[in-house]
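Undergrad: Need a 3D model of the sequence below.
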Amino acid sequence: MEKKNRIIIIFLAVFSVLLVFFGIGPILNGIKTDSKELLSQKENLAIYDNRLSNLEEFKTVYKGLGEILEKIDALFINADVPLDFIGFIEDLEKECKVNAKISAGSTGKDNRGWSFITFQMNTTSSFNNFIEFFEKIENSPYLIEASNLSLSKGKGSDIAAVFSLKVYAK
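TA: Sure thing, here's the model as predicted:
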């Protein structure tokens with residue numbers, strides 16, 4: 001009987017050891033793997049939640065910037081049909097009593113990649129009228145860079161001015 005009990009105890013011990021190695025061990029490894037995966041998914045969820053909150057913030061900020069972006073867009077003339085800009089110059093010409101001839105020149109891109117159209121301006125007027133005209137061009141609602149200004153004596157007390165305008169376009 002004692003021999004039987006020892007065999008049963010040895011059998012139960014071997015069975016317990018085998019059960020631990022082949023039964024409980026893989027379950028514990030599976031739990032460990034699943035918990036690592038759960039932590040990884042929680043981290044990913046936190047990242048996505050953060051991105052979602054940043055996106056919501058951006059949407060709010062963008063709505064506030066809409067008006068500003070429209071104003072910035074208005075600084076650039078239409079490269080295909082710059083009629084608004086030419087009309088603006090013609091209105092200034094009448095307002096400032098300047099005789100101006102405008103001709104479109106080359107188009108291109110500057111070193112920042114911004115498109116522009118170059119206009120050549122030939123004007124005759126009194127000096128004061130020309131200064132007023134030139135200041136209003138500089139303060140215009142368009143993004144402009146004036147260059148190559150040349151003044152000379154015109155007829156009577158008038159002056160003749162020739163200059164280039166680089167007007168940025170969209």
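Undergrad: all helices for this protein, in order.
TA: Ranges of helices in the chain, per DSSP state H, are 2-19, 25-74, 83-96, 127-138.
Undergrad: bridging residues for the residue lying closest to K155 once chain neighbours are set aside?
TA: Spatial nearest neighbour of K155, chain neighbours left out: T124 (7.4 Å); criterion: C-beta to C-beta, 6 or more residues apart in numbering. All C-beta spots, glycine's among them, are computed from the backbone N, C-alpha and C. Counting by DSSP bridges, T124 is bridged to N99, A160.
Undergrad: I'd guessed T124 sits against A160; true?
TA: Yes: here T124 reaches A160: they are 5.1 Å apart, a contact under C-beta atoms under 8 Å.
Undergrad: which residues are common contacts for those two?
TA: Counting by C-beta atoms under 8 Å, 6 or more residues apart in numbering, the common neighbours of T124 and A160 are G154.
Undergrad: quick one: the helix or strand of the chain with the lowest mean pLDDT to helix 25-74, angle?
TA: One helix or strand of the chain scores below all others by mean pLDDT, DSSP states H and E: helix 2-19, with a mean of 80. Interaxial angle, helix 2-19 versus helix 25-74 (axes from the mean of the first three to the mean of the last three C-alpha atoms, to 10 degrees): 10 degrees.
Undergrad: can you pull the pLDDT of the spatially most central residue of the chain?
TA: Taking C-alpha atoms, centre = their mean, the centroid of the chain lies closest to L69, which sits 10.3 Å from it. We have a pLDDT of 80 for L69.
Undergrad: Could you tell me which residues make contact with it?
TA: Residues near L69 by C-beta under 8 Å, 6+ apart: none.
Undergrad: Look up how far G30 lies from it.
TA: Distance from L69 to G30, counting by C-beta to C-beta, to the nearest Å: 54 Å.
Undergrad: Can you show me the CA trace of stretch 42-55 as PDB?
TA: C-alpha atoms of stretch 42-55 as PDB (Å, rounded to 0.1, in the frame of the first residue of the first chain):
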ATOM      1  CA  LYS A  42      -3.500  51.800 -25.000                       C
ATOM      2  CA  GLU A  43      -0.400  53.800 -26.000                       C
ATOM      3  CA  ASN A  44      -1.700  53.900 -29.700                       C
ATOM      4  CA  LEU A  45      -5.100  55.000 -28.400                       C
ATOM      5  CA  ALA A  46      -3.500  57.800 -26.400                       C
ATOM      6  CA  ILE A  47      -1.500  58.900 -29.400                       C
ATOM      7  CA  TYR A  48      -4.700  59.000 -31.600                       C
ATOM      8  CA  ASP A  49      -6.600  60.800 -28.900                       C
ATOM      9  CA  ASN A  50      -3.800  63.400 -28.800                       C
ATOM     10  CA  ARG A  51      -3.900  63.700 -32.600                       C
ATOM     11  CA  LEU A  52      -7.700  64.100 -32.600                       C
ATOM     12  CA  SER A  53      -7.600  66.800 -30.000                       C
ATOM     13  CA  ASN A  54      -4.800  68.600 -32.100                       C
ATOM     14  CA  LEU A  55      -7.100  68.300 -35.100                       C
END
